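# my questions concern the predicted model and sequence given below.
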Amino acid sequence: MVWKDEARLAYALEVAGGVGTWDWDLKSDLIYANQRFATLFGVDPIVASTTGAPSAAYISAIHPEDQHIVVDATQAAIASMGPYVVEFRLPQKDGEDLWIYALGHAYCDPDGVASRFPGAAMDITQRKNTEVELKIARDKATSILESITDGFLALDRSFCVSYVNKAGEQILAARREDLVGKSIWEAYPEIVGTELEEKYRQVAREKVALEFQWLFKEWKRWFSIKTSPTTEGGISVYFRDVTEERAHELELKRANRELEEFAFLVSHDLQEPLRAVNIYTQLLMKRITGDPDARGFGDLIQQSVTRMETLIRDLLTYSRVAQREEEPQGIADLSDSLAEALSVLKSPIEESGATITATPLPTVLGDTKQLAHVFQNLLSNAIKYRKKYGSLEIRVWAYLEESRWIVGVKDNGVGFDQQYAERIFGLFKRLHGVEYPGTGLGLAICQRVIERYGGRIWAESTVGEGATFYFELPRVG
């Protein structure tokens, strides 16, 4: 009955994909094997299945480095009349090695003498290769984690530390051997009951990634933390000390507020004397009736005052855009922004006889009013730099490219040399002479607004053939 059970087991293993089965007659030292097993070991299958082949014929086929492993395991199984389990390599003609997993059992005859040793073997090469690949991947991941400047913690499903990288040791001022194996609550009891504990538990519970900043009050240090769930039920934590960064940010915000206040004060203080100059110039011109030169001088003064007021207004606009980085991003409807710009420019558009066509425009990340100012500057430039002959045509459209909207504003005006396409976005940069009024701040303001919302702006043009201004902004959703 025992023999039938063993035969059934061997057959089942063979059908299930085993390499083969054998039955070793220990008294004659002959191993009987099926065709698959014999072929792999280079033994004649007919001999193996009929008369049997000596054990040495099989042992010699095993990788030289693994032969002692097989021999030792065999001797131990025979000595104990117990199970035999071993893994070893079989070299192949193509130079590759097969990994074999063998299991068997030694039996004795009624006199207590070792007599039989049946077993089965399976090809586990694929599993071994996978293990090697996983080890390579783990080693590579570990190498990367050890080289990054962010601290890294791996927590298992019980929130025990299973790994901490070198940067993590430095930031936490702790040795990894003192952390690994401990729960994070045991290692740092100060965080129990805090927002950080709740965040960690939320990541593990809801399988969501979270990114946040947290103040470790006991250390008086701020940390930027990114954490995500793992497939094993634990969480991965990347962290870095941002205390100095936050201090710099607060200082920068304070400086920005002071700068904005200064800009308002300066603009007010500069505009007041300009208004006085303008008023008294007008009064003087009313009294001057017979001196055309004096009236000409008066006109020049008023023109200069007007240009100075425009310059101050544009500088103030640029300052406001540049200093409000802390405002949260909103959602802007570009169709509304364009409509607002067209309303502001109604008179110049009518006077120039410009024809403006626009396709439906999307919603983007940004501010509707500030993006209206972008359209206002681009359309105003198109009107300003129109040709002296022919009708002015302006076209506005948008198209989606991956996760960003590209908006184009094209005119058929005088255009400019493409080599100056980047220069025109600089402060006070103008390509044309005094025949075209302006402060050189309009495009700089456009660039500042667009970049605030994570976009960019650029231009393409040919002299005499008009210009096209493009800007891109992130799509919503």
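On my side now, so go ahead.
# if I pick residue 169, what's in contact with it?
Taking Cβ atoms under 8 Å, 6 or more residues apart in numbering as the contact definition, residue 169 lies against 151, 175, 176. (Glycine included, C-beta is placed from N, CA and C.)
# how about the second one: what's its closest non-neighbour residue?
Using Cβ to Cβ, 6 or more residues apart in numbering and skipping the chain neighbours, the partner closest in space to residue 175 is residue 169 (6.2 Å).
# cool, and the first one?
With sequence-adjacent residues excluded and distances taken as Cβ to Cβ, 6+ apart, residue 151 is closest to residue 168, at 3.5 Å.
# the one you found in helix, strand or coil?
Reducing the assignment to helix, strand or coil with DSSP: H, G, I helix; E, B strand; the rest coil, the entry for residue 168 is helix.
# also residue 208?
For residue 208, the secondary structure call by three-state DSSP comes out as coil.
# ok, now the one 3 residues further on?
Following three-state DSSP, residue 211 is assigned to strand.
# which residues touch it?
Contacts of residue 211 by Cβ under 8 Å, 6+ apart are 224, 225, 226, 227.
# which among these end up buried?
Neighbour counting by 16 or more other Cβ atoms under 10 Å classes 224, 225, 227 among those as buried.
# including distance to residue 351, could these go into TSV?
Putting the buried ones among the contacts of residue 211 into TSV (distance: Cβ to Cβ, whole Å) gives the following:
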residue	distance to residue 351
224	54
225	58
227	60
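# just curious, which of these is nearest to residue 333?
Ranking those by separation from residue 333, with Cβ to Cβ as the measure, puts residue 224 on top at 33.4 Å.
# would you mind measuring from the closest one to residue 217?
Distance, residue 224 to residue 217, by Cβ to Cβ, to the nearest Å: 16 Å.
# and if you look at residue 63?
According to Cβ to Cβ, residue 63 stands 60 Å off from residue 217.
# what about those two, which has more around it?
Per other Cβ atoms under 10 Å, whichever of residue 63 and residue 217 has more neighbours is residue 63, with 16 against 10.
# which of the helices or strands spans the residue positioned nearest the centre of the chain?
The C-alpha lying nearest the average C-alpha coordinate of the chain belongs to residue 226 (Cα atoms, centre = their mean; 12.2 Å). Using DSSP states H and E, the secondary-structure element containing residue 226 is strand 221-229.
# what pairs with that strand, parallel or antiparallel?
Using DSSP bridges, strand 221-229 pairs in its sheet with strand 210-216 (antiparallel), strand 235-241 (antiparallel).
# give the partner strands of whichever helix or strand residue 122 is part of in its sheet and their orientations.
In this structure, residue 122 sits in strand 114-123 according to DSSP H and E. Strand pairing for strand 114-123, using DSSP bridges, gives strand 18-25 (antiparallel), strand 97-105 (antiparallel), strand 107-108 (antiparallel).
# now the helix or strand just after it and strand 235-241, what's the angle there?
Tracing the chain C-terminally past strand 114-123 and defining elements by DSSP H and E, one meets helix 125-147 next. On the basis of axes from the mean of the first three to the mean of the last three Cα atoms, to 10 degrees, helix 125-147 is oriented at 20 degrees to strand 235-241.
# report all helices and strands that helix 125-147 contacts.
With contacts defined as 3 or more Cβ pairs under 8 Å, 6 or more residues apart in numbering; DSSP states H and E, the secondary structure elements packing on helix 125-147 are strand 97-105.
# in the strand it packs on, what counts as buried?
Residues of strand 97-105 classed as buried under the neighbour-count rule (16+ other Cβ under 10 Å) are 98, 99, 100, 101, 102, 103, 104, 105.
# using the three-state scheme, assign the closest residue in space to the first one that isn't next to it in sequence.
The shortest distance from residue 98 to any non-neighbouring residue, by Cβ to Cβ, 6+ apart, is to residue 90 (4.5 Å). Applying three-state DSSP to residue 90 yields a three-state assignment of strand.
# in contact with residue 90, which residues?
40, 41, 61, 62, 63, 97, 98, 99, 100.
# at 10 Å instead, please
Taking Cβ atoms under 10 Å, 6 or more residues apart in numbering as the criterion, residue 90 is in contact with 19, 40-42, 58, 61-63, 66, 96-100, 121, 123, 125.
# repeat for residue 236
Applying Cβ under 10 Å, 6+ apart, the residues near residue 236 are 145, 152-155, 163, 203, 209, 226-230.
# buried ones among these?
With neighbours counted by 16+ other Cβ under 10 Å, the contacts of residue 236 contain buried members at 145, 152, 153, 154, 155, 163, 203, 227, 229, 230.
# can you count the residues close to the closest residue to the first one other than its chain neighbours?
Closest residue to residue 145 apart from its sequence neighbours, by Cβ to Cβ, 6+ apart: residue 165 at 4.5 Å. If you count neighbours by other Cβ under 10 Å, residue 165 ends up with 22.
# so residue 165 versus residue 330, what's the distance?
Using Cβ to Cβ, one obtains 39 Å as the distance from residue 165 to residue 330.
# next one: residue 342
Remark: distance between residue 342 and residue 330 (Cβ to Cβ) = 21 Å.
# pick out whichever of those two has more residues nearby.
Neighbour comparison, residue 342 and residue 330: the larger count goes to residue 342, with 17 against 12 (by other Cβ under 10 Å).
# contacts only, for that one.
349, 356, 358, 372, 375, 376, 379, 396.
# so residue 232, which of the three states?
With three-state DSSP as the basis, residue 232 sits in coil.
# for it, list the residues it contacts.
Residue 232 touches 154, 156, 157, 162, counting by Cβ under 10 Å, 6+ apart.
# for residue 409, state which of the residues you listed is nearest.
In terms of Cβ to Cβ, no member of the contacts of residue 232 lies closer to residue 409 than residue 154, at 51.0 Å.
# ok, for the closest one, nearest residue in space, not its chain neighbours?
Of all residues beyond its chain neighbours, the one nearest residue 154 is residue 163 (4.0 Å), with distances taken as Cβ to Cβ, 6+ apart.
# ok, that neighbour to residue 169 distance?
Using Cβ to Cβ, which is the criterion applied here, residue 163 is 11 Å from residue 169.
# overlap in contacts of these two?
Here residue 163 and residue 169 share the contacting residues 176, 179, scored by Cβ under 10 Å, 6+ apart.
# quick check: which ranges of the stretch 251-400 of the chain have low pLDDT?
For the stretch 251-400 of the chain, applying pLDDT under 70 flags the ranges 256, 259-271, 307, 309-329.
# show me where it has strands.
If DSSP state E, counting those that start in this stretch is used as the criterion, the strands of the stretch 251-400 of the chain fall at 331-333, 355-358, 363-365, 393-401.
# including mean neighbour count and distance to residue 116, could the ones you listed go into TSV?
Listed next are the strands of the stretch 251-400 of the chain as TSV, based on neighbours: other Cβ atoms under 10 Å; distance: least, Cβ to Cβ, whole Å:
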stretch	mean neighbour count	distance to residue 116
strand 331-333	17	80
strand 355-358	14	91
strand 363-365	20	78
strand 393-401	15	74
